[in-house]
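with the sequence up front, the predicted model follows.
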Amino acid sequence: MVNMARFFSPASVVTAVTVLCTSFASAQQSPGLLEGRDVRGQISPKRYTTLAAEIPAKVLTIRPPEGGSFRAGQTLITFDCAMQHSQLEKAQAALAGAQTTLKANKELAELNSIGIVELRLSESEAGKAKADLKSSETTYSKCRVIAPFSGRVAEQKVREEQFVQTGQPLLDLIDDSVLELEFIAPSQWLERLKSQREVNVAVDETGRSYLAKVSRLGARVDPVSQSIKVIAVIDGRPAELMAGMSGRVTLAPTSQNK
């Protein structure tokens, strides 16, 4: 067996290791090498949510249809609420009767014609009727599903004339007025993302590249994969881009950053 000590002294070994470590660190921090790497990213809408039924009822109308746009506060779904409307009218009538009784008892109490117990009971009945009316009004207000923000219907999960249960998903909504880019970046990108905050994304579906500005970083680096979640906002609002598209994300060249 060849004695390696004859060829490498301890000093030469330390020197070689030092050179290799220095070269590796320089390669990690080199802007050119960082810009050459890429990761996968996905385009997502600014906001998205799933609306669910808050009462059991039959669907009467759904507007707009799947893919259609809407404004914040617009009615998207209406339910058949004949029973809820009847309960509301009943509660209104009960409150009116309780308030009439209370008014009459107050007048009688001033004339010492009824006792304090009867007066307090009538006040209690009026309070109960008022609470019942508020409950009926709240339930009746659920007969319309209102858009929480402006956007588009991504998926329609129910159909007109269908009976739905409480908690059943109805519509998937997105606000794609601003498109975001979500990706998992190597932790080596962290300093560049903090200081220059721009990336390029080459979208598969369009065959074009777009500039995106980093808006926020994940709260921590994953120690196992040495990666971090990044959210960037795509410049402008290119009409050809849609939520769900994906592509290759690379660091923008230093000359593009401001």
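Good, I have the coordinates.

how distant is the biggest helix by length in the chain from the center of its chain?
The helix spanning the most residues in the chain, taking DSSP state H as the definition, is helix 82-110. Remark: helix 82-110 is offset 43 Å from the chain centroid, using CA atoms, centre = their mean, to the nearest Å.

just the buried positions in that helix, please.
Gln84, Gln87, Leu88, Ala91, Ala94, Leu95, Ala98, Thr101, Leu102, Asn105, Ala109 (16 or more other CB atoms under 10 Å). C-beta here means a position set from N, CA and C on the backbone, and glycine is covered the same way.

return the residues in contact with the closest residue to Gln165 other than its chain neighbours.
Excluding the flanking residues, the one nearest Gln165 by CB to CB, 6 or more residues apart in numbering is Pro56, at 5.2 Å. By CB atoms under 8 Å, 6 or more residues apart in numbering, Pro56 lies in contact with Phe163, Val164, Gln165, Thr166.

again, only using 10 Å
For Pro56, the contacting residues are Phe79, Phe163, Val164, Gln165, Thr166, Gly167, Gln168, by CB atoms under 10 Å, 6 or more residues apart in numbering.

for PyMOL, what selects the buried ones among those residues?
Those of the contacts of Pro56 that count as buried under 16+ other CB under 10 Å are selected in PyMOL with:
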select buried, resi 79+164
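
correct me, but Gly207 touches Gly247?
Yes: using CB atoms under 10 Å, Gly207 is in contact with Gly247, at 9.4 Å.

just want to know which of the two has more residues nearby.
For the pair Gly207 and Gly247, the greater number of neighbours falls to Gly247 (23 against 8), based on other CB atoms under 10 Å.

what pairs with the closest residue to the more buried one other than its chain neighbours across the strands?
Spatial nearest neighbour of Gly247, excluding adjacent residues (CB to CB, 6+ apart): Val203 at 4.0 Å. For Val203, the beta-bridge partners under DSSP bridges are Arg208, Gly247.

contacting residues for Val203?
Going by CB under 10 Å, 6+ apart, Val203 touches 41, 43, 181, 209-210, 234, 238, 240-242, 245-248.

in this structure, what secondary structure element scores lowest on mean pLDDT?
Lowest by mean pLDDT, DSSP states H and E among the helices and strands of the chain is helix 10-29, with a mean of 40.

in the helix or strand that contains Leu51, which residues are buried?
Using DSSP states H and E, Leu51 falls within strand 39-52. For strand 39-52, burial by neighbour count (16+ other CB under 10 Å) applies to Val39, Gly41, Ile43, Ser44, Pro45, Arg47, Leu51.

same deal with stretch 189-202?
Buried, per 16+ other CB under 10 Å, within stretch 189-202: Trp189, Leu190, Arg192, Leu193, Gln196, Arg197, Glu198, Val199, Asn200, Val201.

can you tell me which of those is nearest Glu125?
Checking the buried residues of stretch 189-202 against Glu125 with CB to CB, the nearest one is Arg197 at 64.2 Å.

excluding its backbone neighbours, what's nearest that closest one?
Sequence neighbours aside, Val214 is the residue nearest to Arg197 in space, at 4.1 Å (criterion: CB to CB, 6+ apart).

same deal with Glu123?
Of all residues not flanking Glu123 in the chain, Leu102 sits nearest, at 5.9 Å (CB to CB, 6+ apart).

that concludes my questions; thank you for your assistance.
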